[in-house]
Each structure stands twice: as C-alpha cells, then as structure tokens.
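In: My questions concern the predicted model and sequence given below.
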Amino acid sequence: QVQLQESGPGLGKPAQTLSLTCTVSVGSITTKRWSWSRQPPGKGLEWMGVIAYDGYAYYGPSPKRHTSISRDDAKNTGYLQMNDLKPGDTAVYYCAARLGFYRGGEYSYWGQGTQVTVSS
C-alpha cells in the first residue's frame, strides 16, 4: 500500500524557518512531481507549489514570498521550507506526489497532513 507521510516540527515561532519532509512508503518508483498545499483553520485548501522531475519549482500566489520546494530523488523525498514564519502560516500542510511505478502505471497520492502552528 502506497502512503505519503509528512513530517516536521509542529510548532514554529514568528520569523523562524520551518522545514517539512514528505516520504513515500514504497520503492521501485519514480516521483514525477511533488506538490504542497495547506489549509488554514476555517479556510479552504491553498495550493503552495510543485516541483517537477526536472527540478524546476513553480509556486502559487501565497506564500510565494518565503517558500521553497525541493526534492531528493535518491531518497524519494520532497521538502517544503518556509522562511520568516508568520502566524498566518498556521495550517495543516499536505504533500502530494505523482508516482510512476517501474511495473507500469502512474498515480497521484496525498499525505494525511501535518499541523503546523506558528506562535510566539
């Protein structure tokens, strides 16, 4: 069973940097792209950005100013880094991945989400 798992510190302070990791539970895959979204309390899902297989990252309008998405293909892992945290970054963060299987087939998966709270 394929699972994505987000991990990282659940609490950050304003102006700090916070990094989240997303890992895949299976091998024999190629990750086509990683994407990150978040859902602030009481609001809808907000797409943050995606990194393609060629390493180019594309970002949504918010919070583009202090977000960086990267990947490590050797580890089949995706990363989200946010600098200069603000209380408005408090949200549940989700990763998603488009996986290509060596045996054939290409499918998209979502993680269950991880809570990040920014507070002094």
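Out: Yep, it's here.
In: where exactly do the strands run in this structure?
Out: With DSSP state E as the definition, the chain shows strands at residue ranges 4-7, 11-12, 18-24, 29-39, 46-51, 57-59, 67-72, 77-82, 91-101, 106-110, 114-118.
In: which parts of the first one are buried?
Out: Put plainly, it is strand 4-7. 4, 6 (16 or more other Cβ atoms under 10 Å). Every C-beta, even on glycine, is put in place using the N, C-alpha and C of the backbone.
In: so what secondary structure elements neighbour that strand?
Out: When contacts are defined as 3 or more Cβ pairs under 8 Å, 6 or more residues apart in numbering; DSSP states H and E, strand 4-7 sits against strand 18-24, strand 91-101.
In: could I get these as TSV with mean pLDDT and distance to Glu6?
Out: Converted to TSV, the helices and strands packed on strand 4-7 look like this (pLDDT from 0 to 100; distance: least, Cβ to Cβ, whole Å):
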stretch	mean pLDDT	distance to Glu6
strand 18-24	95	5
strand 91-101	95	5
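In: just the strands of the chain: most buried one?
Out: With neighbours taken as mean count of other Cβ atoms under 10 Å, these reach their highest mean count in strand 77-82, at a mean of 22.
In: gap between that strand and the chain center?
Out: Using Cα atoms, centre = their mean, to the nearest Å, the mean C-alpha position of strand 77-82 is found 6 Å from that of the whole chain.
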